[in-house]
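sequence and predicted model, in that order:
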Amino acid sequence: MRRSRGAWLQGRTGGVLLALLSVGCAGAGSPADRSALESPSEPTAHHILGVPFVPGQPGACGPAALASVLGFDGDPVTVEEIAHAIGAPSLAGVLPMDLERFAAARGAGVHTTAGSLAWLRERVASEHPVVAFLDLGVGPVRQGHFVVVVGYDDEVGKVILYSGRDSDAAMSYGRFTAAWGRAGSWALTLEGPADRAGNVLSAS
């Protein structure tokens, strides 16, 4: 199993920031749209079909997101099972590394990284749903939220998400990358059977 971790995992400061961001789960509609994007050379669109939608209750968006990608990977597991295994009594939510450890303990090929929009589009186009950690807060107010990216559409400039109880959410590229960047652009994907046969995932 190969793992890659984002720069936020290195150092106590990054860990403290993630802990603060992980308290609670927000809805998908907080920050304003931003104009700065990574512009793809050729507009394309892709939507991964068959990713199980697992609704996330307040405080359980992380376990719900992980349950979706584990189910797609052929390992159905309930939100309650994940939350019971990794939940911390002092937190309303969970930490990104908790999701990674839980998936790895079940034998999944876990890949985490500090991603980019180009990397995200490549992963989705290759049929890998992505768990992304966003900060939907405004200004000094932090609000961590996990989503599952299941599609993108360059023509309209949006990513397609499972977010909380919404199985058909969408965010503009600018708004998504701003919220994602505020949380360190953390992302998790699972290696499918072909990847486990020897392919190595890499971030762009």
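The structure has been received and is ready for your questions.

may I ask which helix or strand encompasses the spatially closest residue to F53 that is not a sequence neighbour?
Nearest residue to F53, sequence neighbours excluded (CB to CB, 6 or more residues apart in numbering): S167, at 4.2 Å. Yep, even glycine has a C-beta here, placed from its N, CA and C like the rest. Assessed by DSSP states H and E, S167 sits inside strand 166-172.

that strand: what's the following helix or strand?
Strand 166-172 is succeeded, C-terminally, by helix 173-182 (DSSP H and E).

and the helix or strand following that following helix, what does it pack against?
Remark: after helix 173-182, the chain's next helix or strand is strand 186-191, criterion DSSP H and E. Helices and strands touching strand 186-191, as assessed by 3 or more CB pairs under 8 Å, 6 or more residues apart in numbering; DSSP states H and E, comprise helix 61-72, helix 96-105, strand 109-114, helix 117-125, strand 130-135.

dump these to TSV, plus mean pLDDT.
Formatted as TSV, those follow (pLDDT from 0 to 100):
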stretch	mean pLDDT
helix 61-72	96
helix 96-105	94
strand 109-114	95
helix 117-125	97
strand 130-135	97
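
of the ones you listed, which approaches L49 most closely?
helix 61-72 (10.1 Å; CB to CB).

chain center to that closest one: distance?
Put simply, helix 61-72 sits 10 Å off its chain's centre (CA atoms, centre = their mean, to the nearest Å).

same question for stretch 149-164.
Relative to its parent chain, stretch 149-164 has a centroid offset of 12 Å by CA atoms, centre = their mean.

what do you get for stretch 117-137?
Here stretch 117-137 shows a centroid-to-chain-centroid distance of 6 Å under the convention CA atoms, centre = their mean.

now that stretch: buried residues?
117, 119-124, 128-137 (16 or more other CB atoms under 10 Å).
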